[in-house]
Structures are given as C-alpha cells and as structure tokens.
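Engineer: Using only what follows, build the 3D model:
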Amino acid sequence: MTPDTKIPPELAKVEHEEPHLNCCQKVLIESSEILGCSQEKAARMGANLGGGFLGRGEVCGAVTSALMAIGLRSDDPLDTEAGEDFMLAFEEKYNSLRCSDLRPTDGSHDACEGYIAWSIDYLKSAYQQSENQKE
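Structural biologist: Presented below is the predicted three-dimensional model:
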C-alpha cells in the first residue's frame with residue numbers, strides 16, 4: 001500500500017494502530033477509486049483471499065485482486081485477455097503465481113510489498129492506457 005492510502009475507518013476500529021491488511025486487500029483498496037467502490041468494500045472483497053486463499057499458499061492475493069480489478073473494469077464479462085496478460089507478466093517477473101512460492105520461507109511478508117506495488121502499478125498503467133484509448 002502506498003503511504004497515502006487511507007485505512008477505511010471501519011477497519012481502523014481495532015485495538016492496533018493499523019490493522020493487518022492482506023495483500024489482496026491492499027491492492028483492492030489502492031484500486032478502489034478506479035473500480036468505483038469504497039475502500040471499505042474493497043477491503044471486504046479481499047478479506048478471505050490473502051496468503052493464497054486464507055493462508056493456504058495458493059494464488060497470491062496481489063494476483064487475485066488484480067484479476068478481480070481487471071474483471072470489474074472490463075466492458076465484456078467474458079473477456080479474459082487482459083487478465084491473462086496480467087498473469088503472464090506477473091509470472092514472467094516473479095516466476096510464480098503461488099503465494100507459497102513467492103513468500104520467503106521465514107514467513108515474513110517483506111517481499112509481498114513488492115508484489116503489491118507491482119500489481120498496483122500495472123493496474124494503474126492499464127487503466128490509464130484504457131482511458132487514453134477512449135479519448
């Protein structure tokens with residue numbers, strides 16, 4: 001999440017200073033404006049998808065959230081080309097889509113911030129290109 005991303009007030013009502021948001025939530029919150037939804041709704045959408053589906057190490061939450069965002073932005077609900085392009089680019093850069101392959105074996109989430117930032121940048125770039133084509 002970028003430093004200017006605001007934690008939805010509903011999520012900030014926890015005992016910690018900042019709640020733990022998973023990678024899926026962070027990408028969706030950062031993309032909420034271009035998706036046309038609130039940050040709270042974005043966080044709720046991604047709540048069960050962090051850690052590769054509730055910590056099971058399956059598909060990385062940054063990937064899952066980006067695919068959700070791409071689908072929500074699409075004019076054609078059957079078009080999967082943009083999602084496929086994203087997955088190929090992510091896998092080419094990081095050599096896997098699986099959380100269990102991407103996260104360090106020590107269980108830290110430090111590397112995840114890079115996957116999150118890359119996915120957000122990809123989405124913003126794709127959105128900007130899409131808007132430029134409409135003009």
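
Engineer: My reading is that residue 79 is in a strand; is that accurate?
Structural biologist: No - with DSSP: H, G, I helix; E, B strand; the rest coil as the criterion, residue 79 is assigned coil and is not in a strand.

Engineer: Give me the neighbour count for it.
Structural biologist: Burial of residue 79 is recorded as 12 neighbouring residues (other CB atoms under 10 Å). For the C-beta atoms, the positions are set from N, CA and C on the backbone; glycine is no exception.

Engineer: in the helix or strand hosting residue 128, what counts as buried?
Structural biologist: In the assignment (DSSP states H and E), residue 128 maps to helix 110-134. Buried residues in helix 110-134, defined by neighbour count with 16 or more other CB atoms under 10 Å: 112, 115-120, 122-123, 126-127.

Engineer: if we take the residues you listed, which one ends up nearest to residue 98?
Structural biologist: Nearest to residue 98 among those is residue 115, at 11.5 Å by CB to CB.

Engineer: you'd agree that closest one is up against residue 59?
Structural biologist: No - applying CB atoms under 8 Å, one finds residue 115 not in contact with residue 59, separated by 11.5 Å.

Engineer: Now for residue 74: which residues touch it?
Structural biologist: Going by CB atoms under 8 Å, 6 or more residues apart in numbering, residue 74 touches residue 82.

Engineer: Can you pull the phi/psi pair for it?
Structural biologist: phi -70, psi 140 (degrees, to the nearest 10).

Engineer: And for residue 98?
Structural biologist: Note on residue 98: its backbone torsions stand at phi -90, psi 130 [degrees, to the nearest 10].

Engineer: Give me the pLDDT value at it.
Structural biologist: As predicted, residue 98 sits at a pLDDT of 96.

Engineer: now swap in the one 3 residues further on and tell me
Structural biologist: Each residue has a pLDDT score; the one for residue 101 is 94.

Engineer: With residue 13 instead?
Structural biologist: Residue 13 carries a pLDDT value of 46.

Engineer: Please apply the same query to the one 4 residues further on.
Structural biologist: Per-residue confidence for residue 17 comes out at a pLDDT of 43.

Engineer: Can you tell me the element the residue positioned nearest the centre of the chain falls in?
Structural biologist: By CA atoms, centre = their mean, the chain has its centre lying nearest to residue 27, at 3.1 Å. Assigned by DSSP H and E, residue 27 falls within helix 23-35.
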